[in-house]
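**Q** Give me a model of this one.
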Amino acid sequence: MKRWSGVTALLLALVMAAPVRAQELGIEVGQPAPAAKVYTLDGKETDLAQYFGKGVVVMEFWATWCPNCKELEPAVHSVMKKYDKQVQFIGVAVSVNQNPARVKAYVDKYALPGVHLYDTRGNATDVYDVPATSYVVVVNKAGKVVYTGLGGKQDLEAAIKKAM
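**A** Numbers count the residues shown, from 1 in each chain. Below is the predicted model:
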């Protein structure tokens, strides 16, 4: 199981400050979105698979301490407002230097949209081959990955349109 040290994760986040084009890192576009056991912020086990095959899903792997994630928040809020009824937004908090209570407090404080889950054991991080935080995966209605991107300056609207 892949485990990042806090220093490694921070260095990855800083090194990846510039936007990365899709397919340079992470799960391959065109693959079915894999299932992964994760947890709700109140500790109940759930599976990402329940969200796929019903509609478009925008999933961000993020952390409370990630500067790129913070930079991406306005774009997430913007597309959430525009596509609220058409797209399911999922935040998957990685388990590096944080805990579910801290993530919940952050989500509440900044009114982050969508469903928020916690990757306690790194299951989702592993199957999506997540290279760093602020990693976005967009899944179409058929359950296939159509976009991956990394960094605080992603064109989420173009990624969503690609999935529709």
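**Q** Val103 contacts Tyr118, correct?
**A** Yes - Val103 lies in contact with Tyr118 (CB atoms under 8 Å); the separation is 6.0 Å. Where C-beta positions appear, they are placed from N, C-alpha and C, glycine not excepted.
**Q** Find the residues that touch each one of the two.
**A** Counting by CB atoms under 8 Å, 6 or more residues apart in numbering, the residues touching both Val103 and Tyr118 are 41, 93.
**Q** Compare those two and say which one has the larger neighbour count.
**A** The neighbour comparison of Val103 against Tyr118 (other CB atoms under 10 Å) goes to Tyr118, with 25 against 22.
**Q** Is the more buried one in a helix, a strand, or coil?
**A** strand (DSSP: H, G, I helix; E, B strand; the rest coil).
**Q** Repeat that for Ala101.
**A** helix.
**Q** Could you report the neighbour count for it?
**A** Residues within reach of Ala101, counting by other CB under 10 Å, total 11.
**Q** Could you do the one 3 residues further on as well?
**A** The burial count assigned to Lys104 is 16, neighbours taken as other CB under 10 Å.
**Q** Assign a three-state SS to it, would you?
**A** Following three-state DSSP, we place Lys104 in the helix state.
**Q** So it is in contact with Leu41, correct?
**A** Yes - checked against CB under 8 Å, the pair Lys104 and Leu41 is within contact range at 4.4 Å.
**Q** Mind listing the shared neighbours of these two?
**A** Residues touching both Lys104 and Leu41 (CB under 8 Å, 6+ apart): His116.
**Q** Please report the distance of Thr46 from Glu73.
**A** Noted for Thr46: a distance of 23 Å to Glu73, by CB to CB, to the nearest Å.
**Q** For the protein, just list every one of the strands.
**A** Assigned by DSSP state E, the chain shows strands spanning 37-40, 45-47, 56-62, 87-94, 115-119, 135-139, 145-150.
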